[in-house]
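Peer 1: Provided below are the primary sequence and the corresponding predicted coordinates.
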Amino acid sequence: MNRDGCKGTNNAWDDQKNWCIDMMQFDGTPKGTLGGINDIDMWKDFGMDKLATMRNTVECWEKNGGKEGSPGLLTDPFKTNSIPPCFFYHHVWKGPRQQKNRGWIKLDQSFAGQSGRSSWPEGRQ
């Protein structure tokens, strides 16, 4: 996705990496669709910086070799505006979305934790 297409409620353009970060959900069923999380705008509802929270998640994933990390703590949270490392931690998949109606991501084999997996959800082509 290019910068112009990265304007949804649940995605943010990252100038540092020149990519769109998108938060998606999948219901886990064989015919389930892959899509954005539309039930809440957590950034607006909770006053969080969208790009900063998404970067926090991606950085945590990369620093932990493609696995969920443990949430970090700040020694004095009232003296900083930064998010503790791995404050937001969950699976991160990198690659272009394919066949939007079925919904799957062709995984980038060079990204942390994706080697040997071709798609997410698994088995979709």
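Peer 2: On my side now, so go ahead.
Peer 1: then the single longest helix found in the chain to CSV, C-alphas only?
Peer 2: With residue count as the measure and DSSP state H as the assignment, the chain has helix 50-63 as its longest helix. What follows is helix 50-63, C-alpha atoms only, in CSV (Å, rounded to 0.1, in the frame of the first residue of the first chain):
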residue,chain,number,x,y,z
LYS,A,50,-1.5,6.0,16.3
LEU,A,51,1.9,5.9,14.6
ALA,A,52,3.8,5.7,18.0
THR,A,53,1.7,2.7,19.2
MET,A,54,2.0,0.9,15.9
ARG,A,55,5.8,1.5,15.8
ASN,A,56,6.0,0.2,19.4
THR,A,57,4.4,-3.0,18.4
VAL,A,58,6.5,-3.5,15.3
GLU,A,59,9.8,-2.7,17.1
CYS,A,60,8.9,-5.1,19.9
TRP,A,61,8.3,-7.9,17.4
GLU,A,62,11.6,-7.2,15.6
LYS,A,63,13.7,-6.9,18.7
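Peer 1: next SSE downstream of it?
Peer 2: For helix 50-63, the succeeding helix or strand toward the C-terminus, using DSSP states H and E, is strand 97-98.
Peer 1: what sits up against that next one?
Peer 2: Contacts to strand 97-98, defined as CB atoms under 8 Å, 6 or more residues apart in numbering, come from residues 1, 34, 103-106, 119, 124. The C-beta positions use only the backbone N, C-alpha and C, and glycine is treated the same way.
Peer 1: now, which of those residues sits nearest C60?
Peer 2: I105 (19.0 Å; CB to CB).
Peer 1: for the closest one, list each beta-bridge partner.
Peer 2: Counting by DSSP bridges, I105 is bridged to R97, W120.
Peer 1: rewinding a little: how about the contacts of strand 97-98, which pair is most distant?
Peer 2: In the contacts of strand 97-98, two members sit farther apart than any others by CB to CB. They are M1 and R124, at 18.2 Å.
Peer 1: ok, back up a step: may I see the PyMOL selection of the buried members of the contacts of strand 97-98?
Peer 2: With 16 or more other CB atoms under 10 Å as the criterion, this PyMOL line picks the buried residues out of the contacts of strand 97-98:
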select buried, resi 34+103+104+105+106+119+124
